[in-house]
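1. Quick one: sequence and predicted model below, then my questions.
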Amino acid sequence: MDLELRGKVAVVTGASVGIGREIAKALAFEGVQTAVVARRANLLATLREEIERAGGPRPLALPIDLYGPDTAPRIRDAALSAYGRVDILINNAGGSRTIPWDSPDAAWDESFSLNFTAVRRTTQALLPGMIERRWGRILCVTGSAEPSTVNAAVAAKAGVHAWAKGLSREIGRHGITINCLAPGRIHSEQIDMRLHPTPESQAEFARNIPLGYFGDPSDVAFFAAFLCSPKARYITGERIHVDGGLHRSV
């Protein structure tokens, strides 16, 4: 299937490893010109080489920490300077860790700054151009709404779900869609190195997944590419799970 993405321009945050990296590759292999954002310049360099070797358009690498208050305009200005426009925004950067229920404000503020505020700021920076051209795709990679314990990132990303749903009501008339992707247990840096660092741990948890195994970043990336395409024009304001059937809520 031709996703009709050739010639589009995308910004992908959190693109150095895992889901973000695979989304950037999936879009590039569809002919999308990408601006890839992450803190680790060395990993962005290897991503650029990987895409070029496979015949995709050379990405613009932006080694930027999303935590800073001036990040969104820097990303916007760099992408516009290089490509003249941005059609697609993938808000993938984030970080998740459990915290004690009585953690101080600083722990909560840090998580909300990265997992909610950075998403909102980057979106707000790039939306005016999409509105002017009357076309755009915004995709927020979030996570579970069924936390097993107190997790500031889960709370922040629940805020993203509510914010994105409300925003979809405002921007739909401009030909712009916004959706949230909620990955389950996907082989990524956070999952494989922190949450489930051993084969035994992964095998034990996989018993809770109806399909019986952890997913790969490409399982998310292929669906993300579809949601960014003109063919997904009638899907907006949704939180869509890619988790092998793990979640139970409806």
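-> It's in. Nothing here was measured: the structure is a model prediction, and the numbers come from that model.
2. how many other residues sit next to Val12?
-> 33 (other CB atoms under 10 Å). Bear in mind the C-beta positions are built from the backbone N, C-alpha and C, glycine included.
3. and if you look at Tyr67?
-> Tyr67, neighbours per other CB under 10 Å, totals 14.
4. how far away is the residue lying closest to Arg39 once chain neighbours are set aside from Ala38?
-> Nearest residue to Arg39, sequence neighbours excluded (CB to CB, 6 or more residues apart in numbering): Asp65, at 5.0 Å. Distance, Asp65 to Ala38, by CB to CB, to the nearest Å: 9 Å.
5. which of the two has more neighbours?
-> Between Asp65 and Ala38, Ala38 has the larger neighbour count (other CB under 10 Å), namely 25 against 12.
6. contacting residues for the closest residue to that one other than its chain neighbours?
-> The shortest distance from Ala38 to any non-neighbouring residue, by CB to CB, 6+ apart, is to Ser16 (3.6 Å). Ser16 is in contact with 36, 38-40, 43-44, 47, counting by CB atoms under 8 Å, 6 or more residues apart in numbering.
7. which residues make contact with the longest strand along the chain from outside it?
-> Looking across the chain with DSSP state E, the single longest strand is strand 176-183. The contact list for strand 176-183 (CB under 8 Å, 6+ apart) reads 19, 123, 127, 130-131, 135-145, 160-161, 164, 167-168, 171, 215, 220, 223-224, 227, 232-233, 235-243, 247.
8. Got a quick PyMOL command for the buried subset of those residues?
-> Entered in PyMOL, the line below selects the buried ones among the contacts of strand 176-183, by 16 or more other CB atoms under 10 Å:
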select buried, resi 19+123+127+130+131+135+136+137+138+139+140+141+142+143+144+160+161+164+167+168+171+215+220+223+224+227+232+236+237+239+241+242+243
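9. elements contacting whichever helix or strand Glu52 is part of?
-> Using DSSP states H and E, Glu52 sits in helix 41-53. On a contact count with 3 or more CB pairs under 8 Å, 6 or more residues apart in numbering; DSSP states H and E, helix 41-53 meets helix 18-29, strand 33-38, strand 60-63.
10. Pro104: which of those is closest?
-> strand 33-38 (28.1 Å; CB to CB).
11. Poorly predicted segments of this structure, please.
-> By pLDDT under 70, the weakly predicted segments of the chain are 145, 189, 191-197, 200, 205, 249-250.
12. again, only this time at 80
-> 1, 68, 94-98, 143-149, 187-206, 245, 247-250 (pLDDT under 80).
13. residue boundaries of the strands in it?
-> 9-13, 33-38, 60-63, 88-91, 136-141, 176-183, 239-242.
14. Out of those strands, the one nearest Ala82 is which?
-> Going by CB to CB, the one of the strands of the chain nearest Ala82 is strand 60-63, 4.9 Å.
15. Next, the buried residues of the closest one.
-> 60-62.
16. which helices and strands does that strand pack with?
-> strand 33-38, helix 41-53, helix 71-83.
17. now, of the ones you listed, which is deepest in the fold?
-> Stretch with highest mean neighbour count among the helices and strands packed on strand 60-63: strand 33-38 (a mean of 27; mean count of other CB atoms under 10 Å).
18. Which strands or helices does that one pack on?
-> In terms of contacts (3+ CB pairs under 8 Å, 6+ apart), strand 33-38 is packed against strand 9-13, helix 18-29, helix 41-53, strand 60-63, helix 71-83.
19. Any idea which residue is closest to the centre of this structure?
-> Nearest to the mean C-alpha position of the chain, counting by CA atoms, centre = their mean, stands Asn92 at 2.3 Å.
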